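S.K.: 3D model of this:
(one chain, ligands or ions: 1)
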Amino acid sequence: MDKKILTIQDLSCVGQCSLTVALPILSAYGFETCVLPTAVLSNHTMFKQWSYLDLTPEVDNIYSNWKANGFEFDAFLLGYLGKATLMDAAERAFDEFSADGRLIVIDPVFADNGKLYGGFDMEYVKCMAHLIRRADIILPNLTEACFLTGIEYKTEYDEKYVEKVLAALSGLTGAALVVTGVELEGKIGEAIKQGDKTSYVMGEKLPVSKHGTGDIFASVFTAEYLGGKSLGEAADRASVFVQDCLRATPDEHFYGVVFEKILSAQRR
Ligand code: PXL
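M.R.: Numbering: from 1, shown residues only. Below is the predicted model of the structure:
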């Protein structure tokens, strides 16, 4: 039977991130994609202002109806949750709505470039460090990996430093690790650790970085992995997709990337 995915992240009404990228991408790959919106925002938090409606109070209501309807999911993809209460909700979803052999992919989404996103604090980081024990695969960027492990974030480093971060993450979770945004020898990519095996998927470093690319990476990665690709192949395809999005995005489009153009080009 076809796989059904539940993605748990916010709905930013404007801004090409979280649910507005996960839904189209996972659907375009042919997966039935169900959502648990964690919050509704007018737009993402990189704009100068935004509204925020936390949906924690609605979770019980949604879950009791899902239970009555007998829903189960083959995979969970977690992105921006916003509040620790949503981590409890995610754990309940794993416990109550898992099909046999289900996959849990967690992208922690709370920081980048050495800094927490607005609205997050160390208590949230601590709760996320606990939640990731439930994952089969985690997709932190290097900043998030450092916050989760308590290792100092650096902008200049070598493979030994990356491997120290990977080892510390393995102390928090038995999940396979895909750490994004790792820069080595002028290239950028992912450091991957599964069991004792570490590998790297490195590509060209483009001179721009834009919002929402982590969410796009997570969606393409999850779709490719569910479709049967290895961790390395899925990471490679997701990186290439993100690079194509960055190349296609005009400079003045400051708040996200034009992933729609790349997704629709794949269909031609
Ligand atoms: O792309 C990550 C993300 C998702 N959702 C919201 C955000 C961010 C990053 O800042 O603000 C609301």
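
S.K.: number of nearby residues for whichever residue of the stretch 51-200 of the chain sits closest to the ligand?
M.R.: Closest to the ligand within the stretch 51-200 of the chain is Tyr80: 3.6 Å, counting by Cβ to the nearest ligand atom. Every residue, glycine included, has its C-beta placed from N, CA and C. A count of nearby residues for Tyr80, using other Cβ atoms under 10 Å, gives 26.

S.K.: Would you list the phi and psi of it?
M.R.: Tyr80 adopts backbone torsions of phi -60, psi 110, taken as degrees, to the nearest 10.

S.K.: In space, what's closest to it - neighbours in sequence excluded?
M.R.: In space, and not counting its chain neighbours, Tyr80 is closest to Val109: 4.4 Å by Cβ to Cβ, 6 or more residues apart in numbering.

S.K.: I'd say that neighbour and Leu77 touch.
M.R.: No - the pair Val109 / Leu77 is not scored as a contact, 11.1 Å apart, by Cβ atoms under 8 Å.

S.K.: quick one, helices of the stretch 1-150 of the chain?
M.R.: 19-28, 59-69, 84-96, 122-131, 142-149 (DSSP state H, counting those that start in this stretch).

S.K.: Return the residues in contact with the residue most central in space within the chain.
M.R.: When Cα atoms, centre = their mean is applied to the chain, the residue found nearest the centroid is Asp107 (3.2 Å). By Cβ atoms under 8 Å, 6 or more residues apart in numbering, Asp107 lies in contact with Leu77, Leu78, Gly79, Ile138, Leu139, Pro140, Gly214, Asp215, Ala218.
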